[in-house]
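# coords below, sequence missing:
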């Protein structure tokens, strides 16, 4: 089951234009497009009349015309014309979802629209701030979104999945500080005088040990932010003075497509050497690194399906991913409970 | 569920020869071939001994020899030889289906053979009459046969699916006359001084308005005949004098392959300019036009599977397709009822 | 259901080396490799921690390191290291299966390891004896392993599936002698002065009739051995004097991959003309002949799935395959019964 009352990343902003764009989210096929004034619209990709996919229709101004019998929908999803008759039947509409553009991503609310509050969308300013240089991408993953969360939240995998870029023995051995912070979960790895991740060492031009950090915040159900970086030993970065350090901020959105597949949106940004093409090129390696994660998650998915009831063993470093799964579980339970309550209230009282 | 007691189109006559031909109809794999005297035979494509597909065997005279252990079947489906022994076991046979060739199509009866009456096969004389020039084809459709019936019976789709060939605004707006005619359904669109379908206007060399008609007869469960045409305004065609008009007759057979796929056999014929190669070439466009229908039906199929329980809204122009579906539904119900009755009678009476 | 307490062929010996090798047997994905001293190890292909396939990890000496978080397993399947902590959690292990190399094949025991007795592996000495010249191969079959047993045990198919190589009318008509021999089944066809199989006639340079034999032994659930050959009429071969005859020994192992697919391992060996390249080339035809069996079994599989409940008719020549299926059925029943008994004993007594 999916959490429905949450903001999910539906697309990169540049994916949505005046062409009809089809994408499935939480198992629901959607059609997305921009109106003439640039607003993004998202509908169920299904004409309410005879089930044609609306993405096979066409835009006429701000109206979407179904490609089968020409029913026309305005940006609220209301059917406003049926070509074969003068009246529009009552109830003829498609579901339109609340959509917000923020930090180059298109966010969608798949739950109760009354509860959609834009203020709860996280501020991922490094995506589009002039003080940051970002690279981003999209991966389609044949695996469950929680497996993508697992691999991204458990940094002990880096030494084995990304040995030549993100991994380090010291990162594996470090005992991170995990703490709840409101609805989110925060995990801090401060690694003074440690083996740095090879990619960061190369970018910083540091040989041998360095002061490193790797801090993430998880905003359930699907958003992860990273604050990572490197500095020469004793430069004060781990105590808060980043002026002599190199800092990166990454974002991941693991949007469920179906119960077995995931849309992975990611950004990796830095706030140093913004114009340095060589550094930009080095940073572009993250594209390949995240594909290593995808390959592992897809292999795990196949294995889980082959051994459907096999038990697993937990180790100490699973603590943050177990906490993360519990947070999602509680959100799902809360929605199910609220649903039961709503249905109970809707039932007529007995005398 | 399928109607079983009905004639279905199984193949074009030229598809069946002395080579074994495999095709699935109503979910049942069949093997078809011609005997030495040209009669078409259709069997379940399964040897009764060890389940080899008979289509992987070979013809020897009028006997089909299974490719696995060499069992031989005569054209009635009776096993007449088992190579490893002198006797044929009692009950060794495959099911053979009544088959009739008529108007270039091979018709098959998948139900109770006692009820197979050739007289109920519709006369589609324009397929092979010298007075008509026909073009025909076959499409394999990844969609339910009733969706193919829907799109073909509801002419208001033409304006949107075939805007440059069959569609016209006037056809969309016309209120057709729908009437029962025995077991069949008839739908008449007479369109005096209307926007003609672009393909017909081009063939007729008419610019601007024309007298047009579009009349179909639906013979449940799967056959549709069209009578369509164009004439200059006031030439009398809509009152019955077709001598100054151009007339076409089309046929469609939507034979279920499985619950999700369909064999679409079609013919488009005209009774004018029979030798005119330019007109023949223009008419050949119907091949592409019917593929536009197939593409829409396949898209609808995918959408229905993605939204399995979604409700739909009816509009006025759905009247003929709703009536058509009801006719099929009643046939299915009648067969189910007859089955219950048969089983009840077969039960021994209690004293 | 599969027989679990049996030796199955898992691989050719040359398939398993220091690279991790993945193969599914009885529905269970396995990873196989050799330790430094050449012993073959087989594990469930699933890390007990977070379900990564171990075949995506790497060998380090005799330890298999998981490619996800670096857990390390020794050749017994015990987890011996978790990189992110100093202790290994109790119970951290993967299932390791008993494995034996014998006659160029790797044999695996998928059942209760206590019952794995190497002495019950059949002696297929012609695979690797200097007195024999063998050719061998592997086929992946999209069909049930019992259908592969059926086609191999019922020699009356040869006349139809392999008419130009193994088939002969006399082999079809012969009444074989079928007898139980301990746990195995034996079937003898002695064919004096008969039409020889065309391949053997070509190899022997015999035109016309010959003394032939075709004897198999079936060792349930999945091993078949053949003793086949040809001699001039009256040379005494059928009475036991093979000194003037040409003899071949074949082996087949039909290891279930899943309920619908099979690993087919085969060997065809001869004890004459060992160095004769022309004969070796003629014998290589068996590779194609066994692929003809595979094609038929895959066609039968598709037909059975299309007609799931269709009854079949038995003929006299089905006797050995019916006996063979009964032997497997009894083994499955015996294992199910033993399981029920074990569970009953494990239940606490009620007072």
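It's in. As the structure is a prediction and not an experimental result, all values here were calculated from the model.
# per-residue confidence at the residue nearest to residue A:307 when sequence neighbours are not counted?
Counting by Cβ to Cβ, 6 or more residues apart in numbering or on different chains, residue A:307 lies nearest to residue C:46, which is 5.2 Å off, once chain neighbours are set aside. The way it works is simple: take the backbone N, C-alpha and C, and place the C-beta from them, glycine included. If you check residue C:46, the pLDDT there is 98.
# A helix includes residue C:46, no?
No - looking at residue C:46 with DSSP: H, G, I helix; E, B strand; the rest coil, it is coil, so not inside a helix.
# With chain C as the reference, measure out to residue A:27.
23 Å (Cβ to the nearest Cβ, to the nearest Å).
# Next, give phi and psi for that residue.
With angles defined as degrees, to the nearest 10, residue A:27 sits at phi 80, psi 0.
# Apart from its chain neighbours, what residue comes closest to it?
Of all residues not flanking residue A:27 in the chain, residue A:258 sits nearest, at 5.2 Å (Cβ to Cβ, 6+ apart).
# Show me which residues of chain A are close to chain C?
Residues of chain A lying close to chain C (Cβ under 8 Å from any Cβ of the partner chain) are A:150-151, A:154, A:156-157, A:159-161, A:169, A:172-173, A:296, A:299-300, A:302-304, A:306-307, A:310-318.
# need the helices for the stretch 1-150 of chain A, in chain order.
A:145-153 (DSSP state H, counting those that start in this stretch).
# closest point of chain A to chain B, which residue?
Nearest to chain B, among the residues of chain A, is residue A:84, at 4.1 Å (Cβ to the nearest Cβ).
# show me the contacts for residue A:49.
Contact partners of residue A:49, counting by Cβ atoms under 8 Å, 6 or more residues apart in numbering or on different chains, are A:66, A:68, A:69, A:71, A:82, A:92, B:312, B:313, B:314, B:315.
# shouldn't the fifth one be in contact with residue A:68?
This points to residue A:82. No - with contacts counted by Cβ atoms under 8 Å, residue A:82 stays clear of residue A:68, the gap being 11.7 Å.
# Tell me which of the two has more neighbours.
residue A:68 (26 against 23; other Cβ atoms under 10 Å in any protein chain shown).
# where does the closest residue to that one other than its chain neighbours fall, phi/psi-wise?
Residue nearest to residue A:68 in three dimensions, not counting chain neighbours: residue A:52, with 3.8 Å by Cβ to Cβ, 6+ apart. Main-chain torsions, residue A:52, degrees, to the nearest 10: phi -70, psi 140.
# burial measure for residue A:52, as a count.
25.
# coming back round to it: which member of the contacts of residue A:49 is positioned nearest residue B:32?
Nearest to residue B:32 among the contacts of residue A:49, counting by Cβ to Cβ, is residue A:68 at 35.0 Å.
# Correct me if wrong, but residue A:208 is in a strand.
No - if the criterion is three-state DSSP, then residue A:208 is coil and not within a strand.
# measure it to chain C for me?
21 Å.
# Over to residue A:278?
31 Å.
# per-residue confidence at that residue?
With respect to pLDDT, residue A:278 scores 95.
# How about the contacts made by the residue nearest to residue A:50 when sequence neighbours are not counted?
Nearest residue to residue A:50, sequence neighbours excluded (Cβ to Cβ, 6+ apart): residue A:68, at 6.0 Å. Going by Cβ under 8 Å, 6+ apart, residue A:68 touches A:47, A:49, A:50, A:52, A:56, A:57, B:151, B:157, B:160, B:161, B:296, B:300.
# which one of the residues you listed is nearest chain C?
Distance to chain C across the contacts of residue A:68 (Cβ to the nearest Cβ) is lowest for residue B:300, with 26.0 Å.
# now stretch A:321-338, how far from the centre of its chain.
Between the centre of stretch A:321-338 and the centre of its host chain there is 17 Å, according to Cα atoms, centre = their mean, to the nearest Å.
# buried set for that stretch?
Under the neighbour-count criterion of 16 or more other Cβ atoms under 10 Å in any protein chain shown, stretch A:321-338 has A:321, A:323, A:324, A:325, A:327, A:328, A:331, A:335 buried.
# on that earlier part again, return the subset of the residues of chain A next to chain C lying in helices.
A:150-151, A:159-161, A:169, A:172-173, A:296, A:299-300, A:302-304, A:306 (DSSP state H).
# Now do the same for the closest residue to residue A:204 other than its chain neighbours: helix, strand or coil?
In space, and not counting its chain neighbours, residue A:204 is closest to residue A:230: 4.9 Å by Cβ to Cβ, 6+ apart. Look at residue A:230: counting by three-state DSSP, its state is strand.
# mind listing what residue A:230 touches?
Taking Cβ under 8 Å, 6+ apart, we find residue A:230 in contact with A:196-197, A:200-201, A:203-204, A:206, A:210-212, A:237, A:245-246.
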